[in-house]
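**Student:** Build me a model:
(2 chains)
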Amino acid sequence: MKDLSHHLLDILENSAAAGATAVSIWASWRGAWLDLEISDNGPGFPACVRQDPTDPFATTRTDRPAGLGLALLRAAAEKTGGWLEAGGLAGGGILLRGSFDLGHPDAQPLGEMEDALCAAMLSWPGLDLSVRIGPDQRHVLDTRAVKERLDGVEIGNPRVQSFLRRLLKEELAPLYHWAAAIPWNGGVSPGKGCRG
Amino acid sequence: MKNLDELRAIRDEVRKSLELRAGGQRAKIVVGMGTCGIAAGARETMLAFVEALSAEGISDVAVTAAGCAGFCDQEPLVDVEMRGGPAVRYGRVDANGARRIVREHIVSGKKVEGLALS
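**Tutor:** Below you'll find the predicted structure:
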């Protein structure tokens, strides 16, 4: 995965494939650290992967004995000195929590989060997304409220998606501004490089 | 979220446009959105389809997703099903490929040679 927004889309695919109908995402920050918390209302991790869902060889797949999604996200966190833990919620569903040091030279950039969210709305229109950002947990997306206003018109309609993509980019601006101020974020040296 | 009320105006526009094109969907585009597809660029492919359809003024084509089909080296995989016709599978479809598929397959009804796997 080339950036964290692609990991996010992959996690949403896992939730949709598991039969979840709602996912809650909270992306916050402190210093150069990105804290991510994702939960869904699906059936939770099955027994065969419950011990360590981030182990690539613990998978629900039947066509091959490996599943890479969570393992790749854990690797993305750990190579920055961060961590990722995955577990179940008491009432069912999963809870992912992790921290990423975006000031680390090996940190992956955030990427275009609005594109990940729009692709998820197109791909799994029945999956409701609730997205909050920042320490104040400001809501930037609630697809239930969007669908209520659309009143039967599909959330994946190109005209609707074009509007939501623009709106989300504006709503996510505080997250992008925070990340852009971190030296090294995106793998770009803050200095002038060897030619400087 | 602010500005959500703008959605009501968009909803009304979309409804009008769908009424004008009553008759069901012309086609369905299915993009492989498993881990392998996402890593290979399926998200960019899917959004390129939506932009290309929007640019052509096409609103009777559904864009949706499927999981890993097992041909990971050919991702992003795309299946195009025209109404009443057989499904055509395309491999390694990037944003340019998506625009070609809309122009040549969806609009002109011709399979895109060089991208088609079936």
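**Student:** Only C-alpha atoms from now on, for both contacts and neighbour counts.
**Tutor:** OK.
**Student:** Quick check, A:A77 in contact with A:W83.
**Tutor:** Yes - A:A77 lies in contact with A:W83 (Cα atoms under 8 Å); the separation is 5.2 Å.
**Student:** tell me the contacts of the nearest residue to A:G126 once chain neighbours are set aside?
**Tutor:** Sequence neighbours aside, A:T21 is the residue nearest to A:G126 in space, at 6.4 Å (criterion: Cα to Cα, 6 or more residues apart in numbering or on different chains). Listed by Cα atoms under 8 Å, 6 or more residues apart in numbering or on different chains, the contact set of A:T21 reads A:D40, A:N41, A:G42, A:G126, A:L127, A:D128.
**Student:** thinking again about what came up before, which of A:A77 and A:W83 has more neighbours?
**Tutor:** Under the criterion of other Cα atoms under 10 Å in any protein chain shown, the comparison of A:A77 against A:W83 puts A:A77 first, with 23 against 18.
**Student:** Where does pLDDT dip in chain B?
**Tutor:** For chain B, the stretches with pLDDT under 70 are B:1-2, B:19-24.
**Student:** Enumerate the residues of it near chain A.
**Tutor:** Counting by Cα under 8 Å from any Cα of the partner chain, the residues of chain B close to chain A are B:1, B:3-5, B:7-8, B:10-11, B:14-15, B:33-35, B:38-39, B:43, B:46-47, B:50-51, B:53-54, B:59, B:63-67, B:70.
**Student:** shared neighbours, A:A77 and A:W83?
**Tutor:** Between them, A:A77 and A:W83 share the contacting residues A:G98, A:S99, A:F100, judged by Cα under 8 Å, 6+ apart.
**Student:** In contact with the residue nearest to A:L95 when sequence neighbours are not counted: list those residues for me.
**Tutor:** Distances taken as Cα to Cα, 6+ apart put A:S39 closest to A:L95, at 4.4 Å, once the chain neighbours are dropped. By Cα under 8 Å, 6+ apart, A:S39 lies in contact with A:V23, A:S24, A:I25, A:G93, A:I94, A:L95, A:L96.
**Student:** you'd agree A:S39 is in a strand?
**Tutor:** Yes - membership of A:S39 in a strand is supported by DSSP: H, G, I helix; E, B strand; the rest coil.
**Student:** What segments of chain B are strands?
**Tutor:** With DSSP state E applied, chain B shows strands at B:27-32, B:61-66, B:78-82, B:87-90, listed in chain order.
**Student:** To A:P105, which of those lies closest?
**Tutor:** Distance to A:P105, taken as Cα to Cα, is lowest for strand B:27-32 among the strands of chain B, at 31.7 Å.
**Student:** Report all helices and strands that the closest one contacts.
**Tutor:** If you count contacts as 3 or more Cα pairs under 8 Å, 6 or more residues apart in numbering or on different chains; DSSP states H and E, strand B:27-32 packs onto helix B:42-55, strand B:61-66, strand B:78-82.
**Student:** List the contacts of it.
**Tutor:** Contacts of strand B:27-32 (Cα under 8 Å, 6+ apart): B:38, B:42, B:45-46, B:60-69, B:75-83, B:106.
**Student:** What subset of those residues is buried?
**Tutor:** B:38, B:42, B:45-46, B:60-68, B:75-82, B:106 (16 or more other Cα atoms under 10 Å in any protein chain shown).
**Student:** Only the buried residues of stretch A:147-165, if you could.
**Tutor:** Here stretch A:147-165 shows A:147, A:149-150, A:153-162, A:164-165 as buried, counting by 16+ other Cα under 10 Å.
**Student:** would you put the C-alpha positions of stretch B:26-36 in CSV?
**Tutor:** Only the C-alpha atoms of stretch B:26-36 are listed here, as CSV (Å, rounded to 0.1, in the frame of the first residue of the first chain):
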residue,chain,number,x,y,z
ARG,B,26,-27.3,0.2,-19.4
ALA,B,27,-24.3,-1.5,-17.9
LYS,B,28,-22.5,-2.5,-14.7
ILE,B,29,-18.8,-2.0,-14.0
VAL,B,30,-17.3,-4.1,-11.3
VAL,B,31,-13.9,-3.2,-10.0
GLY,B,32,-11.8,-5.7,-8.0
MET,B,33,-11.3,-4.1,-4.6
GLY,B,34,-9.5,-6.8,-2.5
THR,B,35,-6.2,-6.0,-0.8
CYS,B,36,-4.4,-6.9,-4.0
